[in-house]
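Student: coordinates only, sequence not included:
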Ligand SMILES: Cc1cc2nc3c(=O)[nH]c(=O)nc-3n(C[C@H](O)[C@H](O)[C@H](O)COP(=O)(O)OP(=O)(O)OC[C@H]3O[C@@H](n4cnc5c(N)ncnc54)[C@H](O)[C@@H]3O)c2cc1C
Ligand SMILES: NC(=O)c1ccc[n+]([C@@H]2O[C@H](COP(=O)([O-])OP(=O)(O)OC[C@H]3O[C@@H](n4cnc5c(N)ncnc54)[C@H](O)[C@@H]3O)[C@@H](O)[C@H]2O)c1
């Protein structure tokens, strides 16, 4: 490497996503010499272009729904509620801007060396950084963490580049609210944006190649998600694989060809067809870091890559693509970099799809449990049965839980309905604590809350007698009757 001036540090973090920034802050506060390199997004994907701006906009969509339904609650809001694109943008930017500013301060206060620039390996544990200010720095870490995330994967379709379609990042510029929009892909991104834009007043057509939305979910739940979207005005087309895309001259309509030469058109198209890892230009070969055939960094259960003292975390390491999973990866790395042996194996990673109402999931689906050959019993209730849902006039949805018929352990749950993303944590904690379903059924839960619906959900399984209601006294003595 010639006459390069190599800066030696304890920890070098490439990419300041949820996993990397949390580790960099933590280790810098502990007195380590830390360099974190971030290409362009202070705070990473989640706060700039993913969870936070989209959920800010979901908040807008829900406010609009509530305003439209105000009369049902005896409230007169006067006139037809509507959105202003400019105010919507300002709302989103205020939320994002506040979090970016807070992160900048956190980085500085932690004592880390935060470098805005692009990193690339030039040797083992050694990167060259082209900084935003035009400098070139060479830094070697005793330990290196790769946390470069994922970016929207453009669909492999003829004409897609020329048609200037949107992805989950470009759509957030909110330059116009189209009258009609095509959404390609019925996964998390497609369902959330379809629900949001349909609420804002765009006529959305959602094209999904498989025969159901959210293919990881049980068909009954996915079917109800489709019904909810349809009820919001989304034209849901299942089994509709796009073959080619073109935009008509003069920035006219987008025309998508689907099976059997059928075409479908809209003013804009959102491509929501998955995400690709950011590894191609990282020089990983030079560093001895192997990648999978899809480009994700190969890691073991400790998040170690194939190169000594090089670790990877978050989306790029093939972890479940959720911010809370990346955050858990941080905790694993913190343990492992300080002499411990934490693993990713067996962790329970829930998630919530923020359509309105939301779908929250934890553990196994019914299909997955049966595929594992487990004896299962299934609890199911309509959300309309929950008193809280009645008070809110928000009775859409179904709750479902899968229980091991031999052990009575809760294996998983799919809660589709108002505030399900909050309630799922209760199910998760019960699962983590190994509680049999009947302890949740018989727990005294606050009335009238959505969580109280868990009593009703598990009450549909009639095969265990009611358990004593008292909890163990704090002294740990016999709970009695
Ligand atoms: C539209 C959308 C909505 C989402 N909503 C949710 C949600 O509601 N809840 C949820 O849990 N998850 C959600 N996700 C997923 C979530 O955003 C990701 O799983 C999470 O951000 C991954 O974090 P990470 O730690 O892997 O790194 P990221 O946050 O992806 O960070 C990687 C960073 O590395 C930087 N980088 C890349 N290459 C280099 C380089 N060579 N040098 C320096 N820096 C580099 C990038 O600029 C980026 O900032 C959503 C995703 C999308 C697309
Ligand atoms: N609320 C959340 O937690 C949240 C929200 C958004 C995104 N995310 C994360 O982001 C990741 C990416 O989400 P996503 O929705 O982009 O990907 P995805 O893989 O979940 O869904 C993409 C869908 O597009 C379909 N598709 C692909 N090509 C197609 C074509 N030519 N025509 C029609 N359909 C086609 C696929 O079959 C698939 O069902 C997810 O894995 C998720 O973890 C999470």
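Tutor: Now that the structure is in, tell me what you want to look at. None of the values given here were measured: they were computed from a predicted structure. Ligands and ions are numbered 1, 2, ... in the order given.

Student: spit out the contact partners of the residue nearest to residue 259 when sequence neighbours are not counted.
Tutor: Nearest residue to residue 259, sequence neighbours excluded (C-beta to C-beta, 6 or more residues apart in numbering): residue 241, at 6.2 Å. For the C-beta atoms, the positions are set from N, CA and C on the backbone; glycine is no exception. Applying C-beta atoms under 8 Å, 6 or more residues apart in numbering to residue 241 gives the contacts 207, 209, 258-259.

Student: need the phi and psi values for the residue most central in space within the chain.
Tutor: Note on the chain: the residue nearest the mean C-alpha position is residue 322, at 3.9 Å, using C-alpha atoms, centre = their mean. Phi and psi for residue 322, reported as degrees, to the nearest 10, are phi -140, psi 150.

Student: any idea how far ligand 2 is from it?
Tutor: Residue 322 is 5 Å from ligand 2, where distance means C-beta to the nearest ligand atom, to the nearest Å.

Student: so which elements touch the top helix by length along the chain?
Tutor: Secondary structure of the chain per DSSP state H: the longest helix is helix 85-110. Using 3 or more C-beta pairs under 8 Å, 6 or more residues apart in numbering; DSSP states H and E, the elements in contact with helix 85-110 are helix 18-29, helix 44-49, helix 51-68, strand 113-123.

Student: 7 Å instead?
Tutor: Applying 3 or more C-beta pairs under 7 Å, 6 or more residues apart in numbering; DSSP states H and E, we find helix 85-110 packed against helix 18-29, helix 44-49, helix 51-68.

Student: show me what from the stretch 51-200 of the chain comes close to ligand 2.
Tutor: For the stretch 51-200 of the chain, the residues in contact with ligand 2 (C-beta under 6 Å from any ligand atom) are 155, 184-190, 192.

Student: sorry, back to before: just the helices and strands packed on helix 85-110: most buried one?
Tutor: Comparing those by mean neighbour count (mean count of other C-beta atoms under 10 Å), helix 18-29 ranks first with a mean of 26.

Student: got the angle for the helix or strand just after it vs strand 113-123?
Tutor: The helix or strand immediately downstream of helix 18-29 is strand 34-38, counting by DSSP states H and E. Here strand 34-38 runs at an angle of 80 degrees relative to strand 113-123 (axes from the mean of the first three to the mean of the last three C-alpha atoms, to 10 degrees).

Student: now the angle from strand 34-38 to helix 85-110?
Tutor: 160 degrees.

Student: can you get me the start-to-end distance on stretch 108-118?
Tutor: Counting by C-alpha to C-alpha, to the nearest Å, the length from the leading to the trailing residue of stretch 108-118 is 19 Å.

Student: from the chain's centroid, how far away is it?
Tutor: Centroid displacement of stretch 108-118 relative to its chain, using C-alpha atoms, centre = their mean, to the nearest Å, is 26 Å.

Student: and the residue of the stretch 251-400 of the chain nearest ligand 2?
Tutor: Across the stretch 251-400 of the chain, the shortest distance to ligand 2 (C-beta to the nearest ligand atom) belongs to residue 321, at 3.2 Å.

Student: which ones are touching the closest residue to that residue other than its chain neighbours?
Tutor: Closest residue to residue 321 apart from its sequence neighbours, by C-beta to C-beta, 6+ apart: residue 315 at 5.1 Å. The contact partners of residue 315, taken as C-beta atoms under 7 Å, 6 or more residues apart in numbering, are 149-150, 275, 277, 321, 326.

Student: quick one: which of the contacts of residue 241 has the most company?
Tutor: Among these, residue 207 has the most neighbours (other C-beta atoms under 10 Å), with 24 neighbours.

Student: I figured it hits residue 243, correct?
Tutor: No - judged on C-beta atoms under 7 Å, residue 207 makes no contact with residue 243 at a distance of 10.7 Å.

Student: can you list residues touching both of the two?
Tutor: Common neighbours of residue 207 and residue 243 (C-beta under 7 Å, 6+ apart) are residue 258.

Student: those residues of the stretch 351-481 of the chain touching ligand 1, which are they?
Tutor: Contact residues (C-beta under 6 Å from any ligand atom) of the stretch 351-481 of the chain with ligand 1: residue 354.
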